[in-house]
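Engineer: I'd like to go over a predicted model; first the sequence, then the structure.
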Amino acid sequence: MDEHALVSAARRGDVQAFNTLILQYQTMVFNVAFRILHDEDAASDATQEAFISAFRALHSFRGGSFKAWVLRIVVNACYDQLRKTKRQPTSSLDDMLMDPDHSDLLDDHSETPEEYVMRGALSAAIQAGLDSLPPDQRAVIVLSDVQELSYEEIAQATGVSLGTVKSRLSRGRARMRDYLLRRRELEPMRHRLSSG
Amino acid sequence: MIDFIKRWTSSEHERARQDLSAYIDGRLPATSRARLEKHLQGCSECRAELASLQETVDLLHALPTVKLPRSFLLPASQAVAQRQTRRVRLGYSYLQAATAAATALLILVVSGEALLRYQPAQPPEASGVVETEATAAAPYAEPATGVLSAVPEASVESLSAEGETPALAQQVESVQAAPVSSPQAPEASPLRAGSPSPGSIPPPSGTLGSTQTPEVAKSGFGAGAPANAETATAVSTDLVQTPTASAAEATPATDAAPAASSTPLRLAAVASPQPVSTTGPDRMEPALGTPTWLPSLLMLRPYMRGAQRVLAVLVAALMALTLWLRRRAG
């Protein structure tokens, strides 16, 4: 069954059809929420809330990209979470490395301990850089450079124009670059990229 | 010249820096891309910035995918919740429409009531008003140039039957000699009996005063009713005594004067079935174009206050219900 048929069935109240869609998008939706919120519990709540809201509001879905529509709901849920908690995460690199739960979240366990540490350190540094961005720039960077969505999909998912997407991306990348340069994370990455 | 070149290269440099991000994504138009590439050939700073930005993007691409902590599949009970939500949202939209309609009606009633305040305070109900057209020409504030109003023929006849005519004739003569008479009034004010004007209102009793001379009254009533005319003139001269001291001095012996003067006033207050004329140039003109629906609208006026209260309560209740449903619908 294609996506359009699944959406139509879910609109008629078919939960199984909607669960098929959830299976297709839940990893991406949770990862977007996690990168924006940098908190597993909050990201889980935002993801679940987004899927429930999407199922209940399916009658207002006017076609187009279902992925972008669901992402818009989850991005808005993340903004709500950030407003509620007023969180401005300033997790240090050491905190991230010492967090045993964090290492369980990583996908690739087939690497050497050195690579693992390097990878963990880099991930923590990049996440800290993301956390330092304003929420609107953070969301655009996550959707573009982490999830690799097109400009059009990002515009639909964030509810802004293409020009705004471009400018937020440009400013966000520049800030990320400055942050990583201050943390001297680009040098080992350059070395890692050249050796890999 | 050097400054111009510096400014030009500086603006070109800034533009190139802004375009770097879109250049990495391959989203620059062909002309902008060609200009940027040309600039990059001669600008080491922009080349370094492009490289660092590209590395940043590569780093972000390299971020690992985070494993799901749990499944986010929905339970079957969500179908019921979806139906409930749909119902609540439908009810919410109906409530919104009802609230808007009630609010519009409230605004209509409030504004209508405010507009009607400027209409005649007492809708006229009875006939038998005699009025002069001199009212239009005579200043309202001038005591000696008021309005003769409301001398019904019935009262005139009764006065005649009681044999008061000689005494009243004396009063007429004394009024003729009274200095309060307005010289302009006779020409401008022929009396007109039994022809109430639509859209006019009775004058306030405190401002009533008649300045009609006997000649005026006679000519106004016409030759067909000389006796009545005289009597009516006498009555109207009685009206003069109320506002002016000189007229009062002129009629000390008239027993019927108080009753005669009060009767037309009362009748004027009761008024005709249609609105009666105003009494001065600063009042509203007898509205020839007064809409026919106005009287029926005026009849609704007493109920408007009550309607306003009921509608205000209704709007408040609808708003509270709408807000509650909105919160419930999420």
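Structural biologist: Everything's here; your move. Numbering: from 1, shown residues only, chains lettered A, B, ... in the order given.

Engineer: Retrieve the pLDDT associated with the residue of chain A positioned farthest from its centre.
Structural biologist: Residue farthest from the centre of chain A, counting by Cα atoms, centre = their mean, is A:Arg12 at 29.8 Å. On the pLDDT scale, A:Arg12 is placed at 88.

Engineer: Give me the next element, helix or strand, following the helix-or-strand element of chain A with minimal mean pLDDT.
Structural biologist: Every helix and strand of chain A was ranked by mean pLDDT, DSSP states H and E. The lowest is helix A:100-105, at a mean of 44. With elements assigned by DSSP states H and E, the helix or strand that comes after helix A:100-105 is helix A:113-131.

Engineer: in that following helix, what's buried?
Structural biologist: A:118-131 (16 or more other Cβ atoms under 10 Å in any protein chain shown). Just so you know, the C-beta spots here come from the backbone N, C-alpha and C atoms, and that holds for glycine as well.

Engineer: Intersect those with the contacts of chain B.
Structural biologist: Among the buried residues of helix A:113-131, the ones lying near chain B by Cβ under 8 Å from any Cβ of the partner chain are A:119, A:122-123, A:126-127.

Engineer: would you turn the residues you listed into a markdown table with distance to A:Thr47?
Structural biologist: Listed next are those as a markdown table, based on distance: Cβ to Cβ, whole Å:
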| residue | distance to A:Thr47 |
| --- | --- |
| A:Arg119 | 24 |
| A:Leu122 | 25 |
| A:Ser123 | 20 |
| A:Ile126 | 21 |
| A:Gln127 | 18 |
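
Engineer: Include pLDDT when you put those residues into a markdown table, please.
Structural biologist: Compiled in a markdown table, those are given as follows (pLDDT from 0 to 100):
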| residue | pLDDT |
| --- | --- |
| A:Arg119 | 74 |
| A:Leu122 | 83 |
| A:Ser123 | 87 |
| A:Ile126 | 91 |
| A:Gln127 | 93 |
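
Engineer: Quick check: the farthest pair among those?
Structural biologist: Using Cβ to Cβ, these span at most 12.3 Å, a distance reached by A:Arg119 and A:Gln127.

Engineer: which bits of chain B sit near chain A?
Structural biologist: B:18, B:20-22, B:25, B:27, B:52-53, B:55-76, B:78-79, B:81-83, B:85-86, B:330.

Engineer: try it again with 7 Å
Structural biologist: B:18, B:21-22, B:27, B:52-53, B:55-61, B:63-70, B:72-74, B:76, B:78-79, B:81-83, B:85-86 (Cβ under 7 Å from any Cβ of the partner chain).

Engineer: Tell me which residues touch the most centrally placed residue in chain A, please.
Structural biologist: In chain A, the residue lying closest to the centroid (Cα atoms, centre = their mean) is A:Val32, at 1.7 Å. By Cβ atoms under 7 Å, 6 or more residues apart in numbering or on different chains, the contact set of A:Val32 is A:71, A:74, A:142-143, A:147.

Engineer: before we move on, which element is it in?
Structural biologist: Applying DSSP H and E, one finds A:Val32 within helix A:15-37.

Engineer: relative to helix A:113-131, how tilted is that helix?
Structural biologist: Interaxial angle of helix A:15-37 relative to helix A:113-131 (axes from the mean of the first three to the mean of the last three Cα atoms, to 10 degrees): 90 degrees.

Engineer: average pLDDT for whatever helix or strand comes next after helix A:15-37?
Structural biologist: Where DSSP H and E defines the elements, the next helix or strand beyond helix A:15-37 is helix A:40-56. For helix A:40-56, the mean per-residue pLDDT is 94.

Engineer: What residue, apart from its backbone neighbours, is nearest A:Pro135 spatially?
Structural biologist: A:Leu82 (5.5 Å; Cβ to Cβ, 6 or more residues apart in numbering or on different chains).

Engineer: in the helix holding A:Val32, what counts as buried?
Structural biologist: For helix A:15-37, by 16+ other Cβ under 10 Å, it's A:15, A:17-22, A:25-26, A:28-37.

Engineer: try stretch A:140-151
Structural biologist: Buried-residue list, stretch A:140-151, by 16+ other Cβ under 10 Å: A:140-147, A:149, A:151.

Engineer: Let's verify A:Ala9: helix, strand, or coil?
Structural biologist: State at A:Ala9, reduced to three classes by DSSP: H, G, I helix; E, B strand; the rest coil: helix.

Engineer: Low-confidence stretches in the chain?
Structural biologist: Just going to use chain A. A:86-111, A:185-196 (pLDDT under 70).

Engineer: wait, I meant chain B there
Structural biologist: B:1-10, B:118-291, B:293-294, B:297, B:328-330.

Engineer: Next, the buried residues of the longest helix anywhere in it.
Structural biologist: Longest helix of chain B, by residue count under DSSP state H: helix B:78-116. Neighbour counts using 16+ other Cβ under 10 Å place B:78-79, B:82, B:85-86, B:88-89, B:92, B:95, B:99, B:102-103, B:106, B:109, B:113 of helix B:78-116 among the buried residues.

Engineer: cool, and stretch A:73-84?
Structural biologist: A:73-79, A:81-82.

Engineer: quick one: which of these is nearest B:His39?
Structural biologist: A:Val75 (35.0 Å).

Engineer: thought that closest one was touching A:Ala139?
Structural biologist: Yes: using Cβ atoms under 7 Å, A:Val75 is in contact with A:Ala139, at 5.3 Å.

Engineer: Quickly list what's touching both of those two.
Structural biologist: Going by Cβ under 7 Å, 6+ apart, residues that sit against A:Val75 and also against A:Ala139 are A:Thr158.

Engineer: ok, back up a step: and the residues of chain B next to chain A, which are buried?
Structural biologist: B:18, B:21-22, B:27, B:52-53, B:55-57, B:59-60, B:63, B:65-66, B:68-69, B:72-74, B:78-79, B:82, B:85-86.

Engineer: Of the residues you listed, which belong to helices?
Structural biologist: B:18, B:21-22, B:52-53, B:55-57, B:59-60, B:78-79, B:82, B:85-86.

Engineer: okay, now the domains of chain A?
Structural biologist: Domain segmentation of chain A under automatic domain parsing yields A:1-87, A:90-196.

Engineer: out of those, nearest to B:Arg326?
Structural biologist: domain A:1-87 (14.1 Å).

Engineer: can you give me how far the closest one is from the chain middle?
Structural biologist: 12 Å (Cα atoms, centre = their mean, to the nearest Å).

Engineer: Residues contacting the helix or strand hosting the residue nearest to A:Pro135, please?
Structural biologist: Here A:Leu82 sits within helix A:66-85, counting by DSSP H and E. If you take Cβ under 7 Å, 6+ apart as the criterion, helix A:66-85 is touched by A:3, A:7, A:21, A:25, A:29, A:32-33, A:36-37, A:42, A:46-47, A:49-50, A:53-54, A:61, A:135, A:139, A:143, A:153, A:156-159.

Engineer: same thing but 8 Å
Structural biologist: By Cβ atoms under 8 Å, 6 or more residues apart in numbering or on different chains, the residues outside helix A:66-85 that reach it are A:3, A:7, A:21, A:25, A:28-29, A:32-33, A:36-37, A:42, A:45-47, A:49-51, A:53-54, A:57, A:61, A:87, A:135, A:139, A:143, A:149, A:153, A:156-159.

Engineer: repeat for stretch B:24-36
Structural biologist: Contacts for stretch B:24-36 (Cβ under 8 Å, 6+ apart): A:144, A:151, A:166, A:169, B:16, B:19-20, B:22-23, B:50, B:53-54, B:57.

Engineer: And that stretch, what's buried?
Structural biologist: Residues B:24, B:27-28, B:35-36 are the ones in stretch B:24-36 that count as buried (16+ other Cβ under 10 Å).

Engineer: okay, how far is it across that stretch, tip to tip?
Structural biologist: 12 Å (Cα to Cα, to the nearest Å).
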